[in-house]
Every structure is written in C-alpha cells, then in structure tokens.
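> 3D, please:
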Amino acid sequence: MLLLVTLIAIALIFDFLNGLHDAANSIATIVSTRVLSPRYAVAWAAFFNFIAFAVFGLHVAATIGTGIVSPAIIDDQVIFGALMGAIIWNVVTWLAGIPSSSSHALIGGLVGAGLCKGGWSVIVWSGLGKTAAAIVLSPATGFFLALLLVLVVSWSFVRANPLWVDKLFRHVQFVSASAYSLGHGGNDAQKTMGIIAALLFAHGVEGGTFHVPFWVVISCQAAMALGTLFGGWRIVRTMGSRITHLSPMQGSCAETAGALTLFGATWLGIPVSTTHTITGAVVGVGAARRVNSVRWNVAKDIVVAWVVTMPAAGLIAALFYLIATAFKPS
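Model (predicted):
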C-alpha cells in the first residue's frame, strides 16, 4: 500500500510539473499582448484548468490507461519508469526554456517502460497510432484555424478604427484565453488520471473494471492548476514573443484556434499536445501577417524538440524500469 501511495504521489508531481511546464501554453499570448500581467494571468488560467473536469468526459484518461500499452502488463515498475521518464524530460526542457510536450513525454515514457517489460506485442497500435498522428494534426489544425480566423477578422474589421479594434480584442482575449485554459486542463490533466487509474486497476482496487474515481479527477485537476499557478516563465518568453509578435486580435485568434482544436481532440479521446497546438496557432497568426514575420529558426528548434521528446522520454523510462526491477523485492 505504501508503494501505491508513493507512485500516486509521483504521478501528481508529474501533473504539477505538467501545469508548470505548460503554463505558457495558456498565458503566453495574453501576457505578451499585455492584456493581463503574468501574476493575474496564471491565476486566471489555473482557475479554468481546475474546472475543466466539469465540462469534458474522461475519454482521454481511458486512452492513456488502456489504449497505449496493454493494461495486463502494467505494474508498479512500468508506471514508475513512465513517470520518471516524463518528469526528467520535462525538467530538462523546462530548464532549457524549450516548449516540448509533457503529454508526449508521458506517452513516450509509457511506451519505453512497456517495451522494456513485454516487447512490441504489448503496444496498442490503434491508440498509439492516433496519438502519433496528432503530433502532426494538432499543430496543423491550430495553424490553419488561426490563419483562417485572422483573415476573417481582419476582413471584417478592415474599415474600423485600429485603436477601437485593439480595445475590443483586449476584452475578447479574456474569453479566448479562458477557453484555451479550459481545453488545456481538460486534455492534459486526464493523462495523469489515466496513469493513476491504470495503477489502481493493476493493484486490483477498482473492482475488476477500469474507471477513474472522482477523487483522482479532483486531485489531478488541482495538481495541474497549482502547477499553472506557479507559471513557467522561460517558456512564456519563447511562446509569447520569440516566435512572432502578437497583437490582442492575433492573440485572440491563436487562443480560439487552439481551444477549438483541444475541445475536438478531448471529446474524441485523443491525447494531444497543448504545446504543439498553441505553437501551430501562434505560427498561423504570424504567417497570416506575412511569412517572414515568423522567426522560423525558433519554430524549427521547437519542432526538433517535438521529434526528440517521445524517444528521449522512452529511453529514460526504460532505464528507470530496469533500475526499479533490479531493486524489486523477490
């Protein structure tokens, strides 16, 4: 029982770091446009992160818990390896200011530890396949939706006073930022819920049926909201200003595009990267202005981090699985 409690605590630490690492996804645009100060922005985002459980179902949690590796091979060592792989990769990229994906770090960790235990046969290819496809589709969807929104809004307000438009979208951005934070909390917190539920199922405390207890839901939403509250300032700078300069109108379009992408993915049970999604949307609004307004070298570095995240987290997870197995009581 002590081991189970310890692993749940580690999972909640990952969830906290997820919120800390991905806080920039929710607040970078609203901070960079100076609609809210960083202190108020993180509080605003944390609130909507927390209440997301009341809006979305738990389809993403089910995908993580049963749709990446076979539930039959999940044990304490696999979960420990997966969590350590994700946590270490998150800390490394956070310290470097790189907006990598906490979601794909966790999935990569789960796959790495699972492969180390049971080989390729334990992989649930349907679930992993749609997750891998989302690596491309979520930023692409965010990009094209943001591009379309900027074009529609720009055309709609072409004759309006620029100062009036700026003032209007400073109010609109409260709504778009709230929607994005809601989508962030809805998709990301469920990943930790799925890990904890799989752990409980492996210990036989769920009555033989995989489900997510309500206390797990509340704990994960609270841990993520608390992480967001502490912010992730290195990544805020990258997301909010280094990729492209944003106006309140452009920030609203980026957040709305990102929110729509996350809402759709969450309802479909697809664990997507909120980092990938908002990055695609930010690049989209920048490209709508003109192609050379986007700092493509920064975007390229971010894409490299995306590609490396899953295998890097997987290798770290495999190492920690082997360590945990070596110290497993006989």
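
> residues near L168, how many?
16 (other Cβ atoms under 10 Å). The C-beta positions use only the backbone N, C-alpha and C, and glycine is treated the same way.

> The helix or strand containing it packs against which elements?
Assigned by DSSP states H and E, L168 falls within helix 162-202. For helix 162-202, the packing partners by 3 or more Cβ pairs under 8 Å, 6 or more residues apart in numbering; DSSP states H and E come out as helix 2-32, helix 38-51, helix 59-66, helix 76-96, helix 102-118, helix 214-230, helix 248-268, helix 274-289.

> what about the third one, average pLDDT?
Summarised as a single mean, pLDDT over helix 59-66 is 88.

> tilt between the helix holding L168 and helix 214-230?
Orientation check (axes from the mean of the first three to the mean of the last three Cα atoms, to 10 degrees): helix 162-202 against helix 214-230 gives 140 degrees.

> what angle do helix 162-202 and helix 274-289 make?
Calculated by the same axes, to 10 degrees, helix 162-202 forms an angle of 160 degrees with helix 274-289.

> centre of the chain versus helix 162-202, how much separation?
9 Å (Cα atoms, centre = their mean, to the nearest Å).

> Just the angle for that helix relative to helix 59-66, thanks.
With the same axes, to 10 degrees defining the directions, helix 162-202 sits at 40 degrees from helix 59-66.

> Could you list the low-pLDDT ranges of the protein?
Applying pLDDT under 70 to the chain flags the ranges 23-26, 28-29, 97-99, 231-245, 289-302, 329-330.

> Take the helices and strands packed on helix 162-202 and lay them out in TSV including mean neighbour count.
Formatted as TSV, these follow (neighbours: other Cβ atoms under 10 Å):
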stretch	mean neighbour count
helix 2-32	24
helix 38-51	20
helix 59-66	24
helix 76-96	23
helix 102-118	27
helix 214-230	21
helix 248-268	25
helix 274-289	28
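
> any idea how far the residue lying closest to N187 once chain neighbours are set aside is from L137?
Spatial nearest neighbour of N187, chain neighbours left out: T266 (4.7 Å); criterion: Cβ to Cβ, 6 or more residues apart in numbering. To L137, T266 is 14 Å away according to Cβ to Cβ, to the nearest Å.

> give the contact list for the residue nearest to N187.
Residues in contact with T266 (Cβ atoms under 8 Å, 6 or more residues apart in numbering) are 56-57, 59-60, 183, 186-187, 190.
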